[in-house]
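Trainee: Sequence first, predicted coordinates after that:
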Amino acid sequence: MLRTIERITALGDTVSPRETIVGPSPNRDTSASTDDFLPLLRIAGEVEGPADIEIRGRLGEGGLGRVDLATQSVFGRDVAVKRVRRDHLGDAAAGALVREARTTGALDHPNIVPAYALGLTSEGPMLVMKRVQGVPWSTLIHDPEHPAWEGHVGDPLGRHLEILMQISNAVEFAHRRGVIHRDLKPENVMVGDLGEVYLLDWGLAIHLQEACDESPAGTPAYMAPESLTGAVSTRTDVYLLGGLLHELITGLPPHPGNSLQEVLLSVLEGQPYRYDASVPPELAALCARAMEHEPDARFQSALAFRLALGAFVEHRGSLDLSREGERNLEALTGLLADPERGDEARGLFAATDFAFRQALRVWPENQQARVGLQSCLEGMIAFEVKLKNAPGARALLGRLPAPRPHLEAQVQALQRALAAEAAAKAKLDWLGHEVDPRVSSNSRVGLALSFYAVVGLLFATLDSLRFALSAELLSAAFALTIVSYAFTLYILRSSLLNTQMNRRMHTSVGAALIWGALSTLLGGVAGLSIDVVVLFWLAGFGLCHVIIAIWMEPQIAGIAAMLILALFSTPILICAFWPGHAMSAMALASLSAIPTVFVRAWLRRRYRTGFV
């Protein structure tokens with residue numbers, strides 16, 4: 001192998017690494033004369049009379065040949081004609097041109113320039129081809145601002161991949177005709193003004209039966225390793241197609257270098273290339289496979305390579321969405337570290353989740369999107385657990401592409417903890433409700449006003465009628481009041497007996513009424529005067545009201561107690577110092593309680609006790 005490098009280096013001392021090395025092939029017969037089998041082509045200016053070709057100007061010049069712009073007289077159309085350069089005239093160069101012409105003429109494919117004619121002129125063989133007006137692909141690759149890009153819809157990479165797929169079709173067609181190109185590079189591809197793509201320069205092409213040729217041939221910067229020995233195959237062209245893709249995504253040929261020997265050593269070593277993170281992983285893997293050092297590890301054909309490219313093009317939308325999702329995910333990760341930015345994090349999560357899910361909808365096998373979606377959901381679930389949002393975490397848990405038992409355990413633990421907290425809070429709320437004096441306070445006020453009004457008016461009426469109050473009558477009044485009070489509580493039990501506080505208060509009032517009935521009966525049995533009996537009852541009933549006020553109205557207990565004492569003090573004094581007016585005392589005690597109820601209600605709102 002070192003001898004091969006030395007031989008190539010010796011042959012190419014004055015050849016730059018990007019130029020073509022052409023080695024003579026022992027299997028080619030380039031010494032035979034072409035005069036015996038090629039028709040004559042008459043060039044205007046070189047023959048008298050009608051001419052087949054009229055040369056109009058130079059289009060380009062290569063290592064062995066030159067290409068001129070001409071007119072094909074019989075059709076009156078512009079053509080390109082290729083001839084051997086004057087400084088390379090000879091049977092070898094002429095044979096190579098004829099060989100190229102025959103190869104090209106046999107490959108009738110839309111992406112291969114058609115050969116119109118092959119004949120002899122005074123300077124040797126001439127190949128007449130379709131004139132392709134356009135730009136070399138190499139120019140478009142390295143000049144994104146070239147005017148040829150005007151009017152192109154879509155990104156440049158997409159257009160380049162379309163060109164490469166067409167070149168792959170041409171190569172596959174040639175392989176099926178038994179031809180290997182061996183010199184695929186951007187300079188040998190022409191992109192027409194209307195988007196046509198042509199694979200040019202079949203001068204190094206060989207037939208499969210010549211694939212054991214030992215002569216190295218190709219362009220060093222793009223060469224496959226086996227090209228140095230000449231043991232090429234169709235997979236050599238697959239390597240070169242990979243080299244074209246490599247230049248598309250890196251901007252450099254596969255084997256750049258400052259000297260021919262450096263380039264050829266790179267070809268021999270065939271070290272895998274590490275592509276930048278900006279290159280889509282699928283495209284990088286595709287390129288790496290096409291350029292495997294061992295031919296058997298490459299794509300089995302140019303068609304397989306083209307199909308892989310087509311699949312990538314189809315997946316590009318999905319991959320673009322994946323990259324958008326990954327950018328969002330990076331920003332989301334920062335937000336998830338700050339619990340105070342929950343709303344912002346949820347908004348960005350929705351966008352990230354949508355990008356990954358859309359990518360998977362377009363291409364379900366997009367592992368990049370699947371991994372991103374998994375990471376996105378896992379991070380958000382952990383965030384919702386941190387914020388104690390169990391329903392949100394549970395909903396996200398069901399959307400994970402792959403289950404995560406540790407996250408499931410965290411969500412379950414959170415749900416149990418929140419359930420325990422809810423139960424404890426419910427119990428506290430229940431206890432608070434049970435002892436909250438504000439519950440049904442309006443009903444209590446209404447009952448008190450009704451009670452005081454009815455009793456007060458009753459005793460006032462009886463007093464005005466000079467009705468004599470006796471222990472028996474007072475006992476009956478108490479009994480009737482107790483029955484009425486109990487009936488009212490039963491009817492309004494849903495609002496008057498709905499809490500522990502209300503039940504205790506009404507129990508206390510009922511006990512005071514029962515005390516009044518019993519004290520009246522006992523006083524009568526003991527022979528006490530009605531004034532004394534009423535005096536003791538008023539004192540006991542007033543004390544009961546003071547206790548209830550202190551219990552239920554702690555913030556205004558002092559003022560409430562003073563009002564109650566003021567209310568009951570006058571009737572008590574009447575009973576004590578004005579005998580015979582117990583009925584008036586009872587009426588006064590009941591009726592004067594009505595404004596007291598309003599005053600206490602106002603005080604409760606004033607001091608915001610809430611006990612209305």
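Mentor: In hand now; what should we look at?

Trainee: Just the strands from the stretch 51-200 of the chain, written as ranges.
Mentor: For the stretch 51-200 of the chain, applying DSSP state E, counting those that start in this stretch gives strands covering 53-61, 65-72, 77-84, 115-121, 124-130, 134-136, 179-180, 189-192, 197-199.

Trainee: need the helix or strand of this structure with the lowest average pLDDT.
Mentor: Between all helices and strands in the chain, the lowest mean by mean pLDDT, DSSP states H and E belongs to helix 2-11, at a mean of 40.

Trainee: Residue 94 reaches residue 123, doesn't it?
Mentor: No: under the criterion of C-beta atoms under 8 Å, residue 94 makes no contact with residue 123, lying 9.5 Å away. The C-beta positions use only the backbone N, C-alpha and C, and glycine is treated the same way.

Trainee: what's the overlap in contacts for the two?
Mentor: residue 84 (C-beta atoms under 8 Å, 6 or more residues apart in numbering).

Trainee: Who has more neighbours out of these two?
Mentor: Shown here are residue 94 and residue 123; by other C-beta atoms under 10 Å, residue 94 has more neighbours (25 against 14).

Trainee: What residue, apart from its backbone neighbours, is nearest the more buried one spatially?
Mentor: Spatial nearest neighbour of residue 94, chain neighbours left out: residue 124 (4.7 Å); criterion: C-beta to C-beta, 6 or more residues apart in numbering.

Trainee: Over to residue 134?
Mentor: residue 192 (3.9 Å).

Trainee: In contact with the one you found, which residues?
Mentor: Residue 192 makes contact with 132, 133, 134, 198, according to C-beta under 8 Å, 6+ apart.

Trainee: The second one contacts residue 196, correct?
Mentor: No: the pair residue 133 and residue 196 fails to qualify as a contact (C-beta under 8 Å) at a distance of 9.1 Å.

Trainee: The stretch 501-612 of the chain: strands as residue ranges?
Mentor: Under DSSP E, counting those that start in this stretch, the stretch 501-612 of the chain gives no strands.

Trainee: what about it, any weak spots by pLDDT?
Mentor: Counting by pLDDT under 70, the stretch 501-612 of the chain contains low-confidence ranges at 549, 551-561, 563-567, 600-601, 603-612.

Trainee: give me that answer again for 50
Mentor: Applying pLDDT under 50 to the stretch 501-612 of the chain flags residues 609-612.

Trainee: How about the chain?
Mentor: Ranges of the chain meeting pLDDT under 50: 1-33, 609-612.

Trainee: which secondary structure element contains the spatially most central residue of it?
Mentor: For the chain, residue 352 is the residue whose C-alpha lies nearest the centre (C-alpha atoms, centre = their mean; 2.0 Å). Secondary structure assignment for residue 352, by DSSP states H and E: helix 342-362.

Trainee: What's the first helix or strand after that helix?
Mentor: Assigned by DSSP H and E, the successor of helix 342-362 is helix 367-386.

Trainee: tell me the angle of that following helix relative to helix 342-362?
Mentor: Per axes from the mean of the first three to the mean of the last three C-alpha atoms, to 10 degrees, the angle that helix 367-386 makes with helix 342-362 is 150 degrees.

Trainee: which other helices and strands contact helix 367-386?
Mentor: Secondary-structure packing of helix 367-386 (3 or more C-beta pairs under 8 Å, 6 or more residues apart in numbering; DSSP states H and E): helix 302-336, helix 342-362, helix 390-397, helix 405-434.

Trainee: would JSON lines of those helices with distance to residue 178 be doable?
Mentor: Shown next, in JSON lines, are the helices and strands packed on helix 367-386 (distance: least, C-beta to C-beta, whole Å):
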{"stretch": "helix 302-336", "distance to residue 178": "14"}
{"stretch": "helix 342-362", "distance to residue 178": "40"}
{"stretch": "helix 390-397", "distance to residue 178": "59"}
{"stretch": "helix 405-434", "distance to residue 178": "59"}
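
Trainee: Out of the ones you listed, which is closest to residue 478?
Mentor: helix 405-434 (30.0 Å; C-beta to C-beta).

Trainee: What residues sit buried inside the closest one?
Mentor: By neighbour count with 16 or more other C-beta atoms under 10 Å, helix 405-434 contains the buried residues 407, 410, 411, 414.

Trainee: Please report how far the residue lying closest to residue 593 once chain neighbours are set aside lies from residue 166.
Mentor: Using C-beta to C-beta, 6+ apart and skipping residues adjacent in sequence, the residue nearest residue 593 is residue 452, 4.3 Å away. For residue 452, the distance to residue 166 equals 104 Å [C-beta to C-beta, to the nearest Å].

Trainee: circling back to that earlier point, the residue nearest to residue 593: neighbouring residues, count only.
Mentor: 19.

Trainee: which ones are touching it?
Mentor: 590, 591, 593, 594, 597 are the contacts of residue 452 under C-beta under 8 Å, 6+ apart.

Trainee: which one of these is nearest residue 310?
Mentor: residue 597 (90.2 Å).

Trainee: was I right about that closest one contacting residue 451?
Mentor: No: Residue 597 is beyond contact range of residue 451, at 10.0 Å (criterion: C-beta under 8 Å).

Trainee: Between these two, point out the one with more neighbours.
Mentor: residue 451 (19 against 16).

Trainee: quick one on the thing from earlier: between residue 133 and residue 196, point out the one with more neighbours.
Mentor: Ranked by neighbour count (other C-beta under 10 Å), residue 133 and residue 196 place residue 196 first, with 16 against 12.

Trainee: how far away is that one from residue 411?
Mentor: Distance from residue 196 to residue 411, by C-beta to C-beta: 60 Å.
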